[in-house]
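Undergrad: need coordinates for the below:
(one chain, ligands or ions: 2)
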Amino acid sequence: MNRMGVLAGTLAFTAVAGLGVARAADPVTLPKGLPADLWELLIPPDNPVTPEKIELGRALYYDKRLSKDGTVSCATCHDPAMGFGDGKAVSVGVGGQKGTRNAPTILNSIFNELQFWDGRAASLEEQAKGPMTNPVEMGMGNHDLVVEVVRAQPEYKAAFAKVFGREPTIDDVARAIATFERTAVTGNSKFDRFIAGDKTALSASAQSGWALWNGKARCNTCHPFGDATPNFSDNKFHNIGVAAKGRDFGALAREAQSAGDPDKLAKHPDFSELGRFVSTKQPKDIGSFKTSGLRDIALSAPYMHDGSEKTLLDVVKFYDRGGEPNPNLDGGIVPLKLTEQEMLDLVAFMESLTGEGDGSPTRAALLDPNRKEAKR
Ligand code: HEC
Ligand code: HEC
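TA: Residues are numbered from 1 along each chain as shown. Ligands and ions are numbered 1, 2, ... in the order given. Next comes the predicted model:
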């Protein structure tokens, strides 16, 4: 099978129409619940979204040749069949090596002010360059090797010439992938239909869960929903105690203080648990992690930065206990005294945040362009 041939065809014509992108200048039609003005505002002016760039990014996102041994692509750990995560507690990259953290979904990552659990990447472009040379993810020795692989494919050369007007570079590889990710959105969930006025869209249990969310359970203090926060994250960092289990944060932080490079610390099995601190070196950030977005959350178990909670009910029980005590515990985390039914209601509410799924035109435009051929 001529995989690149298929790809070249894809690059020229496809199916961005499914996303509602008719012309380069037209905005993407977003699913219900996601504000188009905010989405547009979050596109960097120096990397506009165009149909051809989305397609190039999509091809690169699924291309395993960008890894050391040709076995790992972005989609290995951010797999559409796994809610764009990987279903594992911590990720596994080239040669079966384990990382230090759980793979978050890439869906709606455009709405993250900062990327990674500790916010150490300022943009999707910057983030996209990380995994390719991460020794336990895609494992390439350096970015030049990635560019060599890309340049060796005539189809890619042609696509880069068309999209960027130059030879492939690592920055343009990252720009294309980031552009694809900006279209990887999810919305039009039962909850969105409920908010838009269809009072039958949510079950009674999910409606009670929504009330608890904004009341007794206080989830909205960090996972608010509104025009500025359509993804249920305040985009801040909090220590809710996930990393605290049996760790001497003080000693670790002192050691990390002089160890420098946030990227190295984030990949170290112990230092990575210092969370936001690896980036800022501010004592207040010890054990803090980025508040997760929660759309499609039912699809991407296990949960938390270390994958330590297996189900959404386990997550709710964790909050109900008041997290794990430690000196940096966020003041918003206190025992909640929820009843069994209230916990189930919160879970039902979170389950109502799942978007339209595989059948939707939006979702189809996010799948591997070579998928159909692979099935033959
Ligand atoms: C081996 C598994 C693996 C591969 C391959 C991988 N990722 Fe990730 N990805 C992760 C993990 C684990 C994290 C969280 C790491 C952290 O926070 O330190 C992450 C984080 C991210 C984030 C940040 C999301 C957020 O909510 O902060 C984005 C975006 C992302 N990856 C995109 C990509 C892209 C694009 C590629 C391909 C170039 C890729 N990933 C390849 C495992 C992987
Ligand atoms: C003080 C802020 C805060 C409050 C209050 C809060 N959360 Fe969180 N939430 C976070 C942070 C920070 C994380 C990531 C923590 C980590 O992985 O270490 C998170 C993670 C999660 C996750 C896992 C997401 C994933 O991708 O793995 C779920 C589910 C969740 N919260 C649901 C809730 C629910 C339900 C409530 C109310 C009972 C709640 N949160 C209250 C800050 C908060």
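Undergrad: the nearest residue to Glu324 once chain neighbours are set aside: neighbouring residues, count only.
TA: Excluding the flanking residues, the one nearest Glu324 by C-beta to C-beta, 6 or more residues apart in numbering is Gly241, at 3.3 Å. Placement of C-beta: from N, CA and C, glycine included. By the criterion of other C-beta atoms under 10 Å, Gly241 has 20 neighbours.
Undergrad: with Asn239 instead?
TA: 25.
Undergrad: now do it against Leu56, distance only.
TA: Remark: distance between Asn239 and Leu56 (C-beta to C-beta, to the nearest Å) = 40 Å.
Undergrad: pretty sure the residue nearest to Glu324 is touching Leu329, no?
TA: Yes: contact status for Gly241 versus Leu329: in contact at 5.4 Å, counting by C-beta atoms under 8 Å.
Undergrad: which residues do these two both contact?
TA: Gly323 (C-beta atoms under 8 Å, 6 or more residues apart in numbering).
Undergrad: for Thr354, give its distance to ligand 1.
TA: To ligand 1, Thr354 is 18 Å away according to C-beta to the nearest ligand atom, to the nearest Å.
Undergrad: was I right about that residue contacting Leu312?
TA: No: the pair Thr354 / Leu312 is not scored as a contact, 11.3 Å apart, by C-beta under 8 Å.
Undergrad: compare those two (neighbour count), which wins?
TA: Each of Thr354 and Leu312 has its neighbours counted (other C-beta under 10 Å); Leu312 has more, 21 against 18.
Undergrad: spatially nearest residue to that one (excluding sequence neighbours)?
TA: Nearest to Leu312 is Val347, by C-beta to C-beta, 6+ apart, at 4.7 Å.
Undergrad: before we move on, what SS does that neighbour have?
TA: Under DSSP: H, G, I helix; E, B strand; the rest coil, the three-state class of Val347 is helix.
Undergrad: tally of neighbours for it?
TA: With other C-beta under 10 Å as criterion, Val347 counts 20.
Undergrad: likewise for Ser258?
TA: Count around Ser258 with other C-beta under 10 Å applied: 7.
Undergrad: try the one 10 residues further on
TA: For His268, the count of nearby residues is 15 (other C-beta under 10 Å).
Undergrad: the closest residue to ligand 1 within the stretch 251-376 of the chain: how many residues sit nearby?
TA: Nearest residue of the stretch 251-376 of the chain to ligand 1: Ala266, at 4.6 Å (C-beta to the nearest ligand atom). As a burial measure, Ala266 scores 24 neighbours (other C-beta under 10 Å).
Undergrad: assumed it was part of a helix.
TA: Yes: with three-state DSSP as the criterion, Ala266 is part of a helix.
Undergrad: so it versus Gly93, what's the distance?
TA: 14 Å.
Undergrad: any idea how far the residue lying closest to Ala178 once chain neighbours are set aside lies from Gly322?
TA: Leaving aside its sequence neighbours, Ala178 sits nearest to Leu124 (C-beta to C-beta, 6+ apart; 3.7 Å). Leu124 sits 34 Å away from Gly322, taking C-beta to C-beta as the criterion.
Undergrad: same question, Ala251
TA: Taken as C-beta to C-beta, the span from Ala251 to Gly322 is 24 Å.
Undergrad: give me the more crowded residue out of these two.
TA: Higher neighbour count among Ala251 and Gly322: Gly322, with 15 against 10, using other C-beta under 10 Å.
Undergrad: contacting residues around the more buried one?
TA: Ile333, Val334, Pro335, Leu336.
Undergrad: try 6 Å
TA: Going by C-beta atoms under 6 Å, 6 or more residues apart in numbering, Gly322 touches Ile333, Val334, Pro335.
Undergrad: contact residues of this protein facing ligand 1?
TA: Residues of the chain lying close to ligand 1 by C-beta under 6 Å from any ligand atom are 72, 74, 76-78, 91, 93, 99, 101, 103-104, 106, 109, 112, 115-117, 124, 127-128, 131-132, 137-138, 177, 181, 266.
Undergrad: residue nearest the centroid of the protein?
TA: Ile106 (2.8 Å; C-alpha atoms, centre = their mean).
Undergrad: host element of that one?
TA: If you go by DSSP states H and E, Ile106 is not part of any helix or strand.
Undergrad: what do you get for Leu38?
TA: helix 36-41.
Undergrad: export that helix as CSV, just CAs?
TA: What follows is helix 36-41, C-alpha atoms only, in CSV (Å, rounded to 0.1, in the frame of the first residue of the first chain):
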residue,chain,number,x,y,z
ALA,A,36,-15.9,31.1,18.5
ASP,A,37,-14.5,34.5,19.6
LEU,A,38,-12.4,33.0,22.3
TRP,A,39,-11.2,30.3,20.0
GLU,A,40,-10.1,32.8,17.4
LEU,A,41,-8.4,35.0,20.0
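Undergrad: now do that helix: distance to the chain's middle.
TA: 18 Å (C-alpha atoms, centre = their mean, to the nearest Å).
Undergrad: in that helix, what's buried?
TA: Leu38, Trp39 (16 or more other C-beta atoms under 10 Å).
Undergrad: if anything else comes up later, I'll come back, but that's it for now.
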